[in-house]
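In: The following block contains a protein sequence and its predicted model.
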Amino acid sequence: MSLFKIAWRSLQRRALASSLTTLSMALGVMLVVAVLLIHGIVEESFRSNSSLGYNIIVGAKGGKLQLVLNTVYYLSQPVENIPYAYYQEWLGADEIDQYRNAVGIDELGEVRDGKFKMFTKFAIPVCLGDYFGQHRVVGTIPQLFDDYVYDLGRGKTYEFAEGRNFRINDEENGYFECVVGSRVRHDDARISLGQELTAAHGDPEGEMHDEHPFIVVGILRSTGTPVDRAVFVNMEGFYLMDGHAKPLDDPEPAGDDVAAVTDGEGDIGGTEPAAETSPSEAERTALIVQHRFDPITVPEREVTAILISSVNQLVTPGLTNTVNEGRDAQAVLPIAEIYSLFEVIVKPIQRVLLVITVLICIVSGVSILVSIYNSMSDRRHEIAVMRALGAGRRTVMSIVLLESIFLALGGGVLGWVAGHVMIGLASGEIEARTGVSIGIAQLTPGPNLDEYANLDGLIATINKVRESVGWPPIQHINISTELMLIPSLILLAVIVGFLPAMSAYQTDVARAMSAAP
């Protein structure tokens, strides 16, 4: 009879103790696998969110991290706003004219390029302050979803699962159109195209903007970014909600019947009815039903932040320094702040979780030690019989070590399967909340080996083979950290099984036989 069969029969004789020891190890390994997978999910989520499509955020002076959390992740509250006229300094004359014509503001005065335009690919304004349920309402412009590449590394653009992008001034809905993220739709199945959404002012429990409902015209596909958790409304409609226009200290009417719409420098203008020609309550109700309102003046406008893409990385440091030296705003490099947040806050928490799970595995290993060692007193006679039949000390020792390895590997495999099944069952919720898709058999990505050695030749060879069978090429070689579990468990089993194995090795045959009943 082989040593493996003898070890297995020995475990069968102690079925209850062996099962409980295996279960203890399985629970430990299940936690390790779950933590490793969650660790990979968090890293993947940070990586996907760190490729933003823009490299500078301009906002009011204050905390840099708060500006990033507020603008990128839609967390925290905005400290202050910046004037709309400052946002125009990042635009060209053609962009200002095009937007003004779309909004319906007549031109007054000469329009020129902003002083930062020559350093900027695009500048997208963001206005925050309202909520739809627990989700942030973001006022912005259609450019955010028109051919905007939010993941430069993978060339990903925003796509619509249903409907279309909102328009600045739609013939049917006016300024009151909105687009909702996939997570918002997931949380509220009642949301559909054509439905009216009403925002709450200031916080989820704030006063409702019943006078300005927005019409849902588009539902975004899942992106795995915070965009999935927000409602995006036309910025012009956002300004028209009560409390969103900046109060003017001393408005000066330009004529008897109209007030000039300008930014104070003659760059942008238009007309709006004077106070005495304001609509009656009945007329205002009709305007609300038709979604027709006149845009507010430029001096009344503010933006929370501006998403900037510089023309190249060479001008970025000088551009941020110029903005920060001024009094109007601050410029933040969001990717640097995101990685700083990851290194300072997220990674230490992950390390603590990993340490805890490793300790759980060690405790499980100790349970194997206790289980086998406690059984040695009952097995003295059995070992003595084996020795009397010709089994050597090393043979007996090997059998005990094999029992330990069987318990560890059995618990390890059971725990690995249970961990993946648990994550697989939660994969739908994980994808909905983080955008990271994870399969039931997907392994945790490990470190890139090419960071530690030059593996360009090996990668090229692997890609030739993959190309021959129609598989996509790889950029890096990594080994999943989960694959290290098997050798680690074998090593743990050998270590914890060594003490009872030595006890079996030192068994006194004559004494054990004489002590038998």
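Out: Ah, there it is.
In: Surely Leu213 and Phe176 touch.
Out: Leu isn't right for residue 213; it's Pro. Yes. Pro213 lies in contact with Phe176 (CB atoms under 8 Å); the separation is 6.8 Å. Glycine gets a C-beta too; all of them are placed from N, C-alpha and C.
In: So for these two, which residue has more residues nearby?
Out: Neighbour totals were compared for Pro213 and Phe176, and Phe176 leads with 25 against 18 (other CB atoms under 10 Å).
In: Distance of that one relative to Val138?
Out: 15 Å (CB to CB, to the nearest Å).
In: can you check Leu69 too?
Out: Leu69 is 14 Å from Val138, by CB to CB.
In: Looking only at neighbour counts, state which of those two leads.
Out: Between Leu69 and Val138, counted using other CB under 10 Å, the more crowded position is Val138 (25 against 19).
In: so where does that one fall, helix or strand?
Out: Using DSSP states H and E, Val138 maps to strand 135-140.
In: What average pLDDT does that strand get?
Out: Averaging pLDDT along strand 135-140 gives 93.
In: and the strand of greatest length in the chain, what does it pack onto?
Out: Determined from DSSP state E, the single longest strand within the chain is strand 120-132. Applying 3 or more CB pairs under 8 Å, 6 or more residues apart in numbering; DSSP states H and E, we find strand 120-132 packed against helix 64-71, helix 84-88, strand 135-140, strand 200-201, helix 235-240, strand 302-303, strand 305-310.
In: Mind checking what secondary structure Ile215 has?
Out: strand (DSSP: H, G, I helix; E, B strand; the rest coil).
In: That one contacts Val179, correct?
Out: No. Between Ile215 and Val179 there is no contact under CB under 8 Å: 10.5 Å.
In: Looking at the two now, which is surrounded by more residues?
Out: Val179 (28 against 21).
In: ok so, going back, ok, and for the longest strand of the chain, which residues are buried?
Out: In terms of neighbour count (16 or more other CB atoms under 10 Å), strand 120-132 has its buried residues at Thr120, Phe122, Ala123, Ile124, Pro125, Val126, Cys127, Leu128, Gly129, Asp130, Tyr131, Phe132.
In: Bridge partners for the closest residue to the fourth one other than its chain neighbours, pull those for me.
Out: Take Ile124 and drop its neighbours on the chain: the residue closest to it by CB to CB, 6 or more residues apart in numbering is Leu307, 4.4 Å away. Leu307 has the following beta-bridge partners by DSSP bridges: Ile57, Ile124.
In: residues near Leu307, how many?
Out: When neighbours are counted by other CB under 10 Å, Leu307 comes out with 23.
In: contacting residues around it?
Out: By CB atoms under 8 Å, 6 or more residues apart in numbering, the contact list for Leu307 reads Leu52, Tyr54, Ile56, Ile57, Thr71, Ala123, Ile124, Pro125, Val126, Leu144.
In: Kindly recompute the last result at 7 Å.
Out: Tyr54, Ile57, Ile124, Val126 (CB atoms under 7 Å, 6 or more residues apart in numbering).
In: So which of these is the closest to Leu353?
Out: Using CB to CB, Ile57 comes nearest to Leu353 of these, at 30.7 Å.
In: Surely that closest one and Thr304 touch.
Out: No. Look at Ile57 against Thr304 with CB atoms under 7 Å: they stay out of range, at 10.1 Å.
In: Who has more neighbours out of those two?
Out: Set side by side, Ile57 and Thr304 show more neighbours around Ile57, with 25 against 22, by other CB under 10 Å.
In: thinking again about what came up before, other SSEs contacting the strand holding Val138?
Out: strand 120-132, strand 230-234, helix 235-240 (3 or more CB pairs under 7 Å, 6 or more residues apart in numbering; DSSP states H and E).
In: In the stretch 351-500 of the chain, where is pLDDT below threshold?
Out: 376-382, 387-391, 430-439, 445-455, 470-472, 474-479, 481, 485-486 (pLDDT under 70).
In: residue boundaries of the helices in the stretch 201-350 of the chain?
Out: For the stretch 201-350 of the chain, helices defined by DSSP state H, counting those that start in this stretch occupy the ranges 235-240, 281-290, 316-325, 334-341, 347-375.
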